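Asker: Structure for this input, please:
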Amino acid sequence: MSSHENRALSEEELQELVAASDSGARSPTGAVGIFIAVVALVWSIFQVLLASPVAPYILPGDLINNSRQIHLAFAVFLAAMAYPLFKSSPRDHIPYYDWALGIAGAFLALYGYFFYEKIVGNGGLADASDAYFALAGLILLFIASYRVLGPIMVILAVVFLLYVFFGSSELVPDQIRWAGASLRKAMSHMWITSEGVFGIALGVSTKFVFLFVLFGALLDKAGAGNYFIKMAFGALGHLRGGPAKAAVVGSAATGLISGSSIANVVTTGTFTIPLMKRVGFSAEKAGSVEVASSVNGQIMPPVMGAAAFLMVEYVGISYVEVITHAFLPAIISYIALVYIVHLEAVKNNMPTIGNKVVSMGRTVGGMFAFFAGFALLCYATQFPVSAIVSLFPEGSGLILSALLGLIYVALVYLAAQIPDLEPDDPTAEVVELPDVAKIYKSGLYYLLPIIVLVYFLMIERKSPGLSAFWATFLLFGILLTQKSLKAFFRGEENALNRLRDGLVDLIQGMIDGARNMIGIGLATATAGIIVGTVSLTGIGQVMADFVEFLSGGNLILMLLFVAILSLILGMGLPTTANYIVVSSLMVGVVVELGAQSGLIVPLIAVHLFVFYFGIMADVTPPVGLASFAAAAVSGGDAIRTGFIAFFYSLRTVALPFVFIFNTDLLLIDVTVTQGIIVFVVATLGILIFTAATMGWFLTRNRIWETVAMLLVAFALFRPGFFMNQIQPPFEQIDPAAFGEAIGTATPGSAWRVVVSGPDFDTLEIKEVTVPVTVPEGEDAAARLDALGFILIPEGDVQRLDEPMFGTELGDALSSFDFYGDAPVQIVTVKATADQLPKELIFIPALLLMALISLLQTRRARAFTKGETA
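Answerer: Next comes the predicted model:
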């Protein structure tokens, strides 16, 4: 974009930008427009019924069993209706070829539903006609994906599909060559069975993601987005750099209800970016703050977009565990972003807005009190609920529903006491800060659906789909009744007539939710081709060998390779598709190479690593779409905005590397007390890292101070690294004495056993590190049996026999050839050594930080005196 083209877009142009990327740029009027809206509405109704507890009684069994096919049929059809195929395609009506592509695509998506009996009769395999229909279905899926997601996703899927067919060609390098598949076999795998397009990813989109996207669309339609922004601006707007701080907090809140970085940028940015420019931020810096905070909305629990639900399926842990592990990095990342904004404001001596004088300490304390109080309220809800259930086991559901209804009516009564919140004009001559003490009442009832969602997820431990259903069901009631109830409490005559307005809002919210799902549905379906290729061809293991070769077996280099791959793919893929592709190819590689390096990397840590770098692609030039959206609002240069946003996002880039090596950050195997300590220390660490990278703490940093602060931040994040240099974490045990040593070890202690032997595929000798937790047991034999080790001592060599299939040890050693000439043997045994607490490293690190603080305080005072003199 050249400089003379840099201009802020109008509100209408901005909404068109969001629509073009999120819900489709085409909105025909008349009967066709109504028809498309009805189709979108029917899709939402179907998905809500599918997630409801009464689904088995209302929906036929074959509809439930084939829900993935129906989900994709809606997505493909609506893609043809809402997204023009070419730049020259009309926006106000639908050409005949789009009708043909939409109807044919929907039919072929439903092929498995229509011909279910025939496919089952063939044992789930495609016959010749099935194969050709499936191939046509893939082609139409590619066309739909091209419309919505752009060419990169399609090119990537086609390359993988060509590999399936022509993997045996001499043009393919020897290292990744495979036998190839016939058309029937490939199409069975990709379209007829649940291994490819209709696999786990599309299943997650069908079962969970739709409800959460709909929940966000309805909450926004109810007015929650404007309420959150007003509250953030009222709480933080008076501080130095206040509009930017409000943008960060407002985006964190709207990130809870929006899975789209671009929509987030435009929703909060149209208000905050002009105000940031007003207090001294350049157009690019204002846009960058909005981009960094909006993109981070996707990592904020409890709603993290589609990726969180995919992690549930891929990692095999509950949704509660996923968001527990993701919580701390997301929180400290946002704290760091607020601090970045603060440092920018202090460095440039920016003015404040308004005449309200409140200390930073009181503001932060008040915000902490609010969030802590909200969390406590969510947690405490279980006690009255449990009491009612125990007192009235039969009618507890009705009683609880009535109580919730009464609370809602009471909160709407409070909201009716003040006028409805209208969006502010950031370009007004005098900007008045909202008074939080007055406006907070106007939207307290918006918190009820979020409390219901968190309660069912965290306390009742219900499935994400069912939890989202009950929260969405409550939103139906809120949208229908909020306007009429407010009118009634205000004594207006048309209270009942406002029910019609509520119904219109509800229907529009459901249509918006369905249109927002088109891209996610197609992304998960198309990414299924790549997942299917990995499972059909076994290229995952080949990729592991290739990446290991590129990185030379170095875990840090390999993590950098994965990060760069995520960023490059993310330039052309939406976050969800990027996450599916990279996790399918690389997660197993990281875990395996980590084990070979002696580092046991939890699966969830690697998945979050991939996810973090996937969202960073929305920021990174030259294609970062969120940066282009922010530049469209600010009138700044898009590429420069992207580079500054990436710089502001360095803490988001650094955190994944930190939690790979220090899983305490993910709250893995930590007590509550340890968790609090980890939170405090990690927050300090990220703030110090931020001050170092920004070149400013209390005053401008000197070079040695920046280096020292980076060292302090590293020590706070990874104290174990320094403690391991002082005292080794493990003591070596002779492999020949492994059996005897395990019999006398303390139960619960952690060991590392390094196993060497021939690889099953290549017969090359390799090593794998197996984590071992010493079990209870009367003697060594009982403990070895519990662990699955079958030892065959041969002099000084401790050979191993193949462990039982299906055991944990059997899975860890499944890639070894136990029946070759070379033995599989234990080569190293490391037992946990007595080591001083790694937290002792915090003491010298904080003392060094205190010295820097003292020196900078003196310099800052001297500078102030010089200025006043």
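
Asker: Okay, the closest residue to V678 other than its chain neighbours and V772: tell me how far apart.
Answerer: Excluding its sequence neighbours, the residue lying closest to V678 (CB to CB, 6 or more residues apart in numbering) is D664, at 4.9 Å. Yep, even glycine has a C-beta here, placed from its N, CA and C like the rest. According to CB to CB, to the nearest Å, D664 and V772 sit 21 Å apart.

Asker: where along the stretch 101-250 of the chain do the helices fall?
Answerer: Using DSSP state H, counting those that start in this stretch, the helices found in the stretch 101-250 of the chain span residues 111-114, 116-121, 128-149, 151-166, 183-187, 200-204, 210-222, 224-236, 242-255.

Asker: Residues touching the fifth one, excluding its own?
Answerer: Yep, that's helix 183-187 we're talking about. Contact partners of helix 183-187, identified using CB atoms under 8 Å, 6 or more residues apart in numbering, comprise 125-128, 130-131, 134-135, 138, 161, 164-165, 536.

Asker: again, 6 Å this time
Answerer: 126, 131, 134-135, 164 (CB atoms under 6 Å, 6 or more residues apart in numbering).

Asker: same question, the longest one
Answerer: The set of residues external to helix 128-149 that reach it, using CB under 6 Å, 6+ apart, is 76, 79, 83, 85, 104-105, 108, 111, 153-154, 183-184, 187, 191, 518-519, 522-523, 526.

Asker: about what we covered before: what about the residue nearest to V678, how many neighbours?
Answerer: A count of nearby residues for D664, using other CB atoms under 10 Å, gives 22.

Asker: again with the one 4 residues further on
Answerer: Here the count is done by other CB under 10 Å, and I668 has 15 residues near it.

Asker: looking at this, it is in a strand?
Answerer: No - using DSSP: H, G, I helix; E, B strand; the rest coil, the secondary structure at I668 is coil, not a strand.

Asker: now it, nearest residue through space, not along the chain?
Answerer: The spatial neighbour of I668 that comes closest, neighbours along the chain excluded (CB to CB, 6+ apart), is P602 at 5.9 Å.

Asker: measure that neighbour to T663 for me?
Answerer: Distance from P602 to T663, counting by CB to CB: 6 Å.

Asker: same check, this time on F114
Answerer: Taking CB to CB, one finds F114 at 48 Å from T663.

Asker: who's more crowded, the two?
Answerer: Neighbour count, other CB under 10 Å: between F114 and T663, T663 has more, with 18 against 14.

Asker: May I have the residues that are in contact with that one?
Answerer: Counting by CB under 6 Å, 6+ apart, T663 has contacts 602, 605.

Asker: Show me the shaky parts of the stretch 1-150 of the chain.
Answerer: Along the stretch 1-150 of the chain, the model assigns pLDDT under 70 to residues 1-25.

Asker: Which residues does the one helix or strand A741 maps to contact?
Answerer: Assigned by DSSP states H and E, A741 belongs to helix 738-744. The contact list for helix 738-744 (CB under 6 Å, 6+ apart) reads 733, 779-780, 783, 791, 798, 826, 829.

Asker: what is the mean pLDDT for that helix?
Answerer: Here helix 738-744 scores 87 as its mean pLDDT.

Asker: can you check stretch 368-386 too?
Answerer: Here stretch 368-386 scores 81 as its mean pLDDT.

Asker: Distance from it to the middle of the chain?
Answerer: Counting by CA atoms, centre = their mean, to the nearest Å, stretch 368-386 is centred 24 Å from the centre of its parent chain.

Asker: how about it: buried residues?
Answerer: 378, 381, 385 (16 or more other CB atoms under 10 Å).

Asker: my read is the last one is in a helix, agree?
Answerer: Read it as V385. Yes - counting by three-state DSSP, V385 is located in a helix.

Asker: Tell me the helices and strands packed up against the helix ranked longest in the chain.
Answerer: When the chain is parsed with DSSP state H, its longest helix is helix 498-537. Contacts defined by 3 or more CB pairs under 6 Å, 6 or more residues apart in numbering; DSSP states H and E place helix 498-537 against helix 30-51, helix 67-82, helix 128-149, helix 151-166, helix 200-204, helix 210-222, helix 464-489, helix 575-596.
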